[in-house]
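Peer 1: sequence unknown, structure follows:
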Ligand SMILES: Nc1nc2c(ncn2[C@@H]2O[C@H](COP(=O)(O)OP(=O)(O)OP(=O)(O)O)[C@@H](O)[C@H]2O)c(=O)[nH]1
Ligand SMILES: [Mg+2]
Ligand SMILES: [Zn+2]
């Protein structure tokens, strides 16, 4: 990181047209958090500014706690949805129950997270709602997907210490997942005193109510922040069928041991394909490839 300057900071939240920026090293008398607009030049370039972006601010008004963002530094990573820049670790939160575990939805969240190229940690929430043998079965199932899920419950405190250790070791951890799985509840448990709003799940499908509306970074410990994000239910598949294989840890592992004959193999029925069909997400993988090929086929007359 560059040396702390009085005008360097990080975008910690977006509110309508304003950016909330936390200064690295505020001068005496300047509040640490400033409500900022952006220079028209930045708007014109169409350069969107996102939570997690490192920025330079000018025209600081210490009394009103206002300033203007004049420059955005290049990003080291970007999570597309929810949009978070410069995260170093992505926690994908999925409920063990309420809402019930949904493998298709889970995979879509995991693919979006894997696309960042960052460390992806799976977190299974509300484990207090499952009997110990059901917890174990779900854990083993996800190990088959190439993940080592942290099993958590804010009711019993299960798994909170390992998560604290993850958060403390990362500059920016982003917590994403479907609505109602307990992301805000988890951050509240990890950061007592924060009191983020949480909402009960409802209906036959026990869906969340989209309680969190904005991405926001919260300070966890010195140099470490955690982003709470709004839940949503069905992330899009990442854009390119050819790049899908690297987003499945269990497929990556197979390919390291038995590479296919052709480098552009899509592991469907190509000659010399060495990929086994005997893994839980093979059907999902194949469906995703076909969906993406269908979408990317040029439309007639278009
Ligand atoms: N039994 C149980 N319920 C939990 C747990 N964690 C959260 N909940 C409940 O789950 C519901 C949803 O929690 P939230 O924290 O609002 O969920 P969220 O993921 O932030 O939802 P969005 O903001 O809509 O994306 C609330 O009723 C919580 O009390 C848990 O560990 N066990
Ligand atoms: Mg929330
Ligand atoms: Zn293959």
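Peer 2: Sure thing, it's come through. Remember, it's a predicted structure, so these values are computed and weren't measured experimentally. Ligands and ions are numbered 1, 2, ... in the order given.
Peer 1: What segments of the stretch 101-250 of the chain are strands?
Peer 2: Under the criterion DSSP state E, counting those that start in this stretch, the stretch 101-250 of the chain carries strands at the ranges 119-125, 150-151, 172-176, 216-221, 224-228.
Peer 1: Was I right to think residue 220 contacts residue 227?
Peer 2: No. If you go by CB atoms under 8 Å, residue 220 and residue 227 don't touch, sitting 10.2 Å apart. C-beta: built from backbone N, CA, C; applies to glycine.
Peer 1: who's more crowded, the two?
Peer 2: Neighbour tally, residue 220 and residue 227, criterion other CB atoms under 10 Å: the higher count belongs to residue 227, 25 against 19.
Peer 1: Can you name the residue of the stretch 201-302 of the chain nearest to ligand 2?
Peer 2: When scored by CB to the ion, the stretch 201-302 of the chain has residue 212 as its residue closest to ligand 2, at 3.1 Å.
Peer 1: In this structure, which helix is the longest?
Peer 2: helix 282-296 (DSSP state H).
Peer 1: quick check, it touching ligand 3?
Peer 2: No. Between helix 282-296 and ligand 3, judged by CB under 5 Å from the ion, nothing touches; the nearest distance is 10.8 Å.
Peer 1: pLDDT averaged over that helix, what's the number?
Peer 2: Regarding helix 282-296, the rounded mean pLDDT is 88.
Peer 1: Output the contacting helices and strands for that helix.
Peer 2: Helices and strands in packing contact with helix 282-296 are listed as helix 103-114; criterion 3 or more CB pairs under 8 Å, 6 or more residues apart in numbering; DSSP states H and E.
Peer 1: and the helix it packs on, does that touch ligand 1?
Peer 2: No. Against ligand 1, helix 103-114 shows no contacts by CB under 6 Å from any ligand atom, the least distance being 12.0 Å.
Peer 1: and that helix with strand 172-176, angle?
Peer 2: Using axes from the mean of the first three to the mean of the last three CA atoms, to 10 degrees, the interaxial angle of helix 103-114 with respect to strand 172-176 works out to 160 degrees.
Peer 1: Nearest residue to the closest residue to ligand 3 within the stretch 51-200 of the chain in space, please, no chain neighbours.
Peer 2: Nearest residue of the stretch 51-200 of the chain to ligand 3, counting by CB to the ion: residue 146, 17.2 Å away. Counting by CB to CB, 6 or more residues apart in numbering, residue 146 lies nearest to residue 249, which is 2.8 Å off, once chain neighbours are set aside.
Peer 1: Please name the residues that touch that neighbour.
Peer 2: Each residue near residue 249 by CB atoms under 8 Å, 6 or more residues apart in numbering is listed here: 114, 145, 146, 147.
Peer 1: The second one against residue 282, yeah?
Peer 2: No. Because the distance of 11.3 Å does not satisfy CB under 8 Å, residue 145 is recorded as not touching residue 282.
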